[in-house]
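# Fold the following.
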Amino acid sequence: MAKPGYGKRSTPDQQPRTRHDFALLPTRERYVAGFVDHLPDGAAMSVKHLAKQLPLYGQQAISTALTALSVAGHLRRVRCPVGAGEETRWVFRTFWSRTARDNEWWNTYLAAQTTTPAPGTSPPPPPPGSPTAEPPLPAPPENPRPAQAPTPALASVPKPPDAPTAVPRQRNSPQEPDTDPAPDTTTPPAPPNHPEATRSPAYLALARLGHRDHRLTLSAHDCATLEAQATQWLARGVSVDYLTNALTAGLPTTIDHPAGLIRRRLTDKLPPHLPTPETTPRPTPTHRILIECTTCGRPGQPEALPDGLCRPCRTTHTNETPVQPTEVADIKAHMANLRDLLKPV
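Residues are numbered from 1 along each chain as shown. Here you go, the predicted model:
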């Protein structure tokens, strides 16, 4: 078996398995196709693994047979991206179809394929209404009552010892504490209906200018008068800190009228309108499956590799002339003659 995520993948809508499957293929291709068809999903489909399990043919013969099966429409080798975010890796899979398919069918099927979840992820739990869902166990009681011991007979209860005589408490005058308790210096929070609890951020920013620089201390009347101008600043997209820094930066040495200075700065330094940044979510990039050339492994789109072969490999495969049985017999006889000549006399 291949590693999780690799290996063989069977396509849907295949014809039932019969004895006459792959009858139109040559002997070697029919032998390899019958073996691959009986492999389970997830089995290793590399040339080396198949050559180890098929003793009749070597790696070169298996590679040639897989190329012929790809041209016949029985398999396609692809690369699939697996993972999410920046942790994405490519896995290699071989889609197999017992029924021969044309290029249009393979292109449509591979275009509809999506990446599967990364190996090792557990499936989500079944819904409560499904028949496979187990009923939840009853929750244990929060405060279990301890088991009561059986009440012994009255006769068996030992008599408690005599309690000591209680001494009457003497009346003493209450003593005054040596020191008074420290007063509570914490300021209670303002109630909800208090005016300070309903002040706008612009009003509070103006009121806190005196904490930044004592020369900019404003009265309540000044804060209420300048609140509308400060609200325009916040409405244009600036923050309270930006507003405070703009009003307190580069102050003169002497300030006779703090309210007039703040009014002038709110008018002269009014910022432009800032566009609201759009919070549209970034679209998730879609990764299409890349098909591989069955012969050389060159990746590409399904439309660019008809029959699962790139252009150079398809040209080579088309120009190949099939070897006749008589030529095979002549080659074997020639090789046997060469072996006999190499034997020592």
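
# show me the contacts for the closest residue to Lys48 other than its chain neighbours.
Once flanking residues are discounted, Lys48 sits nearest to Gln59: 6.4 Å by C-beta to C-beta, 6 or more residues apart in numbering. All C-beta spots, glycine's among them, are computed from the backbone N, C-alpha and C. Gln59 is in contact with Val47, Lys48, Ala51, counting by C-beta atoms under 8 Å, 6 or more residues apart in numbering.

# Can I get the residues you listed in CSV including neighbour count, distance to Pro306 and pLDDT?
Output for the contacts of Gln59, formatted as CSV (neighbours: other C-beta atoms under 10 Å; distance: C-beta to C-beta, whole Å; pLDDT from 0 to 100):
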residue, neighbour count, distance to Pro306, pLDDT
Val47, 16, 22, 90
Lys48, 9, 27, 90
Ala51, 17, 27, 91
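
# Sticking with Thr94, tell me its helix or strand.
strand 87-96 (DSSP states H and E).

# So which residues make contact with that strand?
By C-beta under 8 Å, 6+ apart, the residues outside strand 87-96 that reach it are 5-11, 36-37, 45, 74-83, 109-110, 287, 292.

# what does stretch 16-24 give?
The contact list for stretch 16-24, computed with C-beta under 8 Å, 6+ apart, reads Glu29, Arg30, Ala33, Gly34, Asp37, Arg98.

# Restricted to buried residues, select those in ChimeraX.
To isolate the buried ones among the contacts of stretch 16-24 in ChimeraX, judged by 16 or more other C-beta atoms under 10 Å, type:
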select :29,30,33,37,98
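
# Just the C-alpha atoms of stretch 64-75, please, in PDB.
Coordinates of each C-alpha in stretch 64-75 appear next as PDB, following Å, rounded to 0.1, in the frame of the first residue of the first chain:
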ATOM      1  CA  THR A  64       5.400   1.000 -21.700                       C
ATOM      2  CA  ALA A  65       2.200  -1.000 -20.700                       C
ATOM      3  CA  LEU A  66       1.000   1.900 -18.500                       C
ATOM      4  CA  THR A  67       1.500   4.300 -21.300                       C
ATOM      5  CA  ALA A  68      -0.600   2.100 -23.600                       C
ATOM      6  CA  LEU A  69      -3.300   1.900 -20.900                       C
ATOM      7  CA  SER A  70      -3.300   5.700 -20.600                       C
ATOM      8  CA  VAL A  71      -3.700   6.000 -24.400                       C
ATOM      9  CA  ALA A  72      -6.500   3.400 -24.300                       C
ATOM     10  CA  GLY A  73      -8.400   5.600 -21.700                       C
ATOM     11  CA  HIS A  74      -8.000   3.400 -18.500                       C
ATOM     12  CA  LEU A  75      -5.800   5.600 -16.300                       C
END
